[in-house]
Each structure stands twice: as C-alpha cells, then as structure tokens.
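Peer 1: I'd like to go over a predicted model; first the sequence, then the structure.
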Amino acid sequence: MRAAAVAAGAAALTLVAGAAFAQATPKPEDTEQWTPVPPIVTPGPRASDKPDAPPSDAIVLFDGRSLDQWVTTRDKSPARWVVAGGVLVVSKTAGNIETKRRFRNYQLHLEWRVPRNVTGSGQARGNSGVFLASTGPGDAGYELQILDSYNNATYVNGQAASLYKQYPPLVNAMRPPGEWQTYDVVWTAPVFASDGALKSPARVTAFHNGVLVQNDAVLAGETLYIGKPVYRPYADAPIKLQAHGDPSPPLSFRNIWVRELAAP
C-alpha cells in the first residue's frame, strides 16, 4: 500500500507539473496588443509620384537599377529579388535580403508599395518588414513592421509602422494599396560592454508618409514573434528586408538610402 501511495503521489505531481508547463508555454498571442487602436491620420498628398533624390552624403542602397548592394540573408549569395521598371519586387521563395555593408547609427529612407490587388486580412495582407539591424539568420534583429494597414484590423503592435510586438505607431498614416509609402527612420544602435552587458538600449524615431509614428522609442530587445524581447550583444549589422511567407501578392520597394550618423 505504501509503495502504491508513493507511486500515486508521484503520478499526481507529474500531472500537476505537466499542466503547469502547458500553461507556461509561450504563444504568439501573449505579446499581441489590440488596444488602444492608433487614430487614423491622412498624410498630405504626394507632390509627385517620382521619388526624391537622396542627399549628397547618402549611401544609395537601391536606385532602381540593380541589387549590387544586397545579398541573401540565408547564405550571403547574391540577392534574388526582382528588379523591374525601376522598382524592387519581393521574391518570397528567395528569402530575406540584407545589405552587404554593416551599419551602426544611421538615418534611413525607403519607399514601399502594397499592390493594388492585395488580398488577405490581418497579418496575411502585404506583410514584410525592415530590420534596422539584422543580427542573425531568419528574422533575427530589430523590426519596423511593413503591412497593409489601410482598413485592415490586426493587433496594434503588429500594424504598419509598429516596432513589431513592442510599440504600436502613434497614429495610422497609411495610404491606400497601390500608392507609395515612405519610411524615414533614425536608428540608434544599442551599446554593449566588453562582457556583453547592455550599456544603452536601441532607440528609434520614425516617420510614416511624413507623419511622426515613433518618437525616440526605447526598445526592450530584439524582435521576437513568441516571447518577450531580449538583447544579444553585437557590433555593426546589415539592414534587412523581409520576404514574409503570407499568401498575398508581393510588395515593391524603391529609393532606399542611408546616412551614417555619429554616436549620440
């Protein structure tokens, strides 16, 4: 009887521990924020559909002609997205691409367009992202979300111009599908001590279509789809564009340039 009782008690403890583990297993929904919904702000009309010329000290990353400045994130082979008609079209089967150059602190400008015939809803509608520092393969790094957020409900820290799973945008400044969107971003990289300890966190200021959407936001770490953000020490890093696997038609990019900045 004593042995049976011990065995029964052990079994009960195992069931309790298993239930506790199941409850503690993180899920993507744990870090989704749905309210408050950012107010909609209609950006001013574009003066022209042609991109503005970059400033004199800019490093041009894409000027409509070639992908010479980019490689495939997975294996560092030449980038295999499609360049046509002066724009860069995402190839979802080719995977993420990133810059050959590595950067620390910078000002970034890029323009992106959700196709007019976009389909899907939520996160499966024009999904991509610009990783302000690509710190590893796959989707490792710090992501500013790209998504069709024009009349498209999703969790607010995953809509366009959010710092994914960390900060919703201050407002929704999205233009309709088929129109060019602009991001202007100031990225201040995190600083790490020689032992890997965090000395100062990453910070982001961003404008979407000329409207302030992130105001010196202080990041809690790298972007994670599941779980809380964490920091891993790194030095300089490439800028990455995401080839998201959602089924909607692919996005396009144009006029991508960066200006290196001194440490603040």
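Peer 2: Perfect, thanks for sending it.
Peer 1: Tell me who's in contact with the residue nearest the centre of the chain.
Peer 2: For the chain, the residue sitting closest to the mean C-alpha position, by C-alpha atoms, centre = their mean, is Glu143 at 2.5 Å. Taking C-beta atoms under 8 Å, 6 or more residues apart in numbering, we find Glu143 in contact with Gly129, Val130, Phe131, Leu132, Leu163, Tyr164, Thr223, Gln242. In this view, the C-beta of every residue, glycine as well, is placed from N, C-alpha and C.
Peer 1: Now do the SS call for it.
Peer 2: Three-state assignment for Glu143 (DSSP: H, G, I helix; E, B strand; the rest coil): strand.
Peer 1: What residues are bridge-paired with it?
Peer 2: Phe131 (DSSP bridges).
Peer 1: Report pLDDT for it.
Peer 2: Looking at Glu143, its pLDDT reads 98.
Peer 1: Likewise for Pro177?
Peer 2: The model reports Pro177 with a pLDDT of 97.
Peer 1: thinking Asp139 is in contact with Glu222, fair?
Peer 2: No - the criterion here is C-beta atoms under 8 Å, and Asp139 misses it with Glu222 at 9.5 Å.
Peer 1: who has more neighbours, these two?
Peer 2: It is Glu222, of Asp139 and Glu222, that has more neighbours when counted by other C-beta atoms under 10 Å, with 22 against 19.
Peer 1: Contact partners for that one?
Peer 2: Thr135, Ala140, Gly141, Tyr142, Pro229, Val230, Tyr231, Arg232.
Peer 1: now it: how far from Ala140?
Peer 2: To Ala140, Glu222 is 7 Å away according to C-beta to C-beta, to the nearest Å.
Peer 1: Likewise for Val37?
Peer 2: 29 Å.
Peer 1: ok, those two, which is more surrounded?
Peer 2: Under the criterion of other C-beta under 10 Å, the comparison of Val37 against Ala140 puts Ala140 first, with 19 against 11.
Peer 1: can I assume the more buried one is in contact with Asn96?
Peer 2: No - taking contacts as C-beta under 8 Å, Ala140 lies outside contact range of Asn96: 10.0 Å.
Peer 1: picking that back up, quick check: the gap between the residue nearest to the centre of the chain and Ala197.
Peer 2: From Glu143 to Ala197 the distance is 24 Å (C-beta to C-beta).
Peer 1: Can you give me the buried ones in stretch 122-131?
Peer 2: If you call a residue buried by 16 or more other C-beta atoms under 10 Å, then stretch 122-131 has these buried ones: Gln123, Ala124, Arg125, Gly126, Asn127, Ser128, Gly129, Val130, Phe131.
Peer 1: ok, and the helix or strand in this protein with the lowest average confidence?
Peer 2: helix 2-24 (a mean of 49; mean pLDDT, DSSP states H and E).
Peer 1: Tell me the first helix or strand C-terminal of that helix.
Peer 2: strand 59-62 (DSSP states H and E).
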